[in-house]
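Student: what's the 3D shape of this:
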Amino acid sequence: MIFTVLNRVARFIDQVNEWIGRKIAWLTSLLVLIIFGDVVMRYFFNTSSAGVFELEWHIFAAIFLLGAAYTLKHDKHVRVDVFYARLNEKQQAWVNLIGTLLFLFPFCIVVINSSYKFVENSFYFRESSPDPGGLPARFIIKSTITIGFFLLLMQGLSLVFKCIITIFNPSNNIKP
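Tutor: Numbering: from 1, shown residues only. Prediction:
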């Protein structure tokens, strides 16, 4: 019974992050087009804009922050696999469980707690770019810090549930 509940919650979190990740992936194409346009404007027309430059960084930040949970879901994050690859499925689940509980969760919680006030103040003051021609509504991109780490925390929770199922339910069909 408990494994069924853990499985359902893990699948729901996975579905949310899969949907967000697929939508965020389209931002990479948009970013390429914007950078291409910026390069053309700079080198052929000798003009540039602070707003375009900031937009490039904002889109990159959104891709990175909001796509981190999707990356974790697909196990594409950076890891040293020298020993991990040689472990069996249950041993890998233990490594993932311990690593998530000791490193991922505390890091996400610290970032969420420290960024929340930062984002709240930015919204309160309707922060915008200090640069002439810069983008308004900087508070929107700052909110992706808290949102992105919350999504990453939730994906970590999904990973923990899958690891528990792998370790303690040998008849499972879920891979962390």
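
Student: pop out the phi and psi values for the residue nearest the centre of the chain.
Tutor: When C-alpha atoms, centre = their mean is applied to the chain, the residue found nearest the centroid is Ala68 (2.4 Å). Main-chain torsions, Ala68, degrees, to the nearest 10: phi -60, psi -40.

Student: OK, contacts around the closest residue in space to it that isn't next to it in sequence?
Tutor: Spatial nearest neighbour of Ala68, excluding adjacent residues (C-beta to C-beta, 6 or more residues apart in numbering): Leu152 at 4.9 Å. All C-beta spots, glycine's among them, are computed from the backbone N, C-alpha and C. By C-beta atoms under 8 Å, 6 or more residues apart in numbering, Leu152 lies in contact with 68-69, 72, 104, 108.

Student: helix, strand, or coil at Gln91?
Tutor: helix (DSSP: H, G, I helix; E, B strand; the rest coil).

Student: near it, how many other residues are there?
Tutor: Per other C-beta atoms under 10 Å, the neighbour tally for Gln91 reads 14.

Student: and for the one 5 residues further on?
Tutor: The number of residues packed near Asn96 is 22, by other C-beta under 10 Å.
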